[in-house]
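**Q** I'd like to go over a predicted model; first the sequence, then the structure.
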Amino acid sequence: MEINESTLIILLAIFCARIIDVSIGTMRIIFLTRGLKTLSALIGFFESLIWIIAISQVMNNVNSWAAYLAFAGGFAGGNVVGIWLEEKIALGTLVIRIITQRNASSLVEAMRVAAYNVTRIDAEGGHGQVMVLFTIVRRKQLPEVIALIRRHNPQAIYTVENVRFASSFGPDMAITKRPLALQRSYSLRT
C-alpha cells in the first residue's frame with residue numbers, strides 16, 4: 001500500500017481513534033471502580049463505537065502494515081493519555097493512615113488548621129508507643145496532606161487507600177475543606 005495523502009489521513013484517523021477509545025476505556029474502568037455504573041455504561045458505548053470505527057478502517061486496509069502500526073501505536077498512546085487524564089481528574093476519596101513514633105501534636109494541629117478532620121489513636125507498635133492518625137480527603141488534596149506530614153513529622157509512615165463510600169451529614173461531605181468551626185464529623189460505613 002502506497003502512503004499518499006489520503007492513506008496518511010486514514011492512518012492518522014486510526015491512530016487517533018485508538019488513543020480516544022483506549023483513553024475513555026481507562027476512564028470507564030476508573031468510574032466503574034468508583035461505583036459510577038451509569039456513567040461507565042455510557043462511556044463504554046462510545047468506547048466500543050470508536051473501536052469499531054478504528055478496526056473497520058484496519059480491515060479495509062488489511063494489506064497495510066502501516067494500518068496495523070497505527071492501530072497498535074494508538075493503543076499504546078491511549079494508555080499514556082488515559083493515565084494522564086486520570087491523574088488530572090483525580091476523582092475519589094482517600095483515607096490516609098499516619099503512624100508516628102514521636103508526638104504528632106504539631107502535625108494534628110497543622111492538619112486541623114488546614115481544615116482537615118483528624119482522628120488520633122494512641123497505639124502500641126513493634127518498638128513501643130505510637131500514634132495513629134486517620135483523615136479522609138478528596139484525592140486532589142493528597143499532595144497538600146503529604147506536604148503537611150513531611151513538614152511536621154518527616155519520620156512518620158503513611159498509607160493511602162481509596163474509599164469506596166464515606167457517609168456524611170449532608171451533600172457537601174465533611175471532607176471538603178472549610179473553616180474549622182464549620183466542619184462536621186463523619187464516619188465510615190462498611
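**A** Perfect, I can see it now.

**Q** Going by C-alpha atoms from here, please, whenever you check contacts or count neighbours.
**A** Noted.

**Q** Report the buried residues of the biggest strand by length in the chain.
**A** Secondary structure of the chain per DSSP state E: the longest strand is strand 128-138. For strand 128-138, burial by neighbour count (16 or more other C-alpha atoms under 10 Å) applies to 130, 131, 132, 133, 134, 135, 136, 137, 138.

**Q** And stretch 46-66, by the same measure?
**A** In stretch 46-66, counting by 16+ other C-alpha under 10 Å, buried: 47, 50, 51, 54, 55, 57, 58, 61, 64, 66.

**Q** Show the residue spans covered by the strands in the protein.
**A** Under DSSP E, the chain gives strands at 93-100, 119-125, 128-138, 157-163.

**Q** tilt between the longest one and strand 93-100?
**A** Comparing the axes of strand 128-138 and strand 93-100 via axes from the mean of the first three to the mean of the last three C-alpha atoms, to 10 degrees yields an angle of 160 degrees.

**Q** and strand 128-138 with strand 157-163, angle?
**A** Going by the same axes, to 10 degrees, strand 128-138 makes 40 degrees with strand 157-163.

**Q** strand partners of strand 128-138, parallel vs antiparallel please.
**A** Here strand 128-138 is paired, per DSSP bridges, with strand 93-100 (antiparallel), strand 119-125 (antiparallel).

**Q** Contacts for it next, please.
**A** 91-104, 116-124, 175-176 (C-alpha atoms under 8 Å, 6 or more residues apart in numbering).

**Q** pLDDT weak spots in this structure?
**A** 1-2, 166, 168-190 (pLDDT under 70).

**Q** max-length helix in it?
**A** Counting by DSSP state H, the longest helix found in the chain is helix 5-33.

**Q** Can you mark which positions in it are buried?
**A** 7, 10-31.

**Q** Run the angle between it and strand 157-163 for me.
**A** 100 degrees.

**Q** Against which helices or strands is helix 5-33 packed?
**A** Helices and strands touching helix 5-33, by 3 or more C-alpha pairs under 8 Å, 6 or more residues apart in numbering; DSSP states H and E, are helix 37-60, helix 65-89.

**Q** residues near residue 119, how many?
**A** 12 (other C-alpha atoms under 10 Å).

**Q** Backbone dihedrals for the residue most central in space within the chain, please?
**A** The residue lying closest to the centre of the chain (C-alpha atoms, centre = their mean) is residue 90, at 4.3 Å. In terms of degrees, to the nearest 10, the main-chain angles of residue 90 are phi 50, psi 60.
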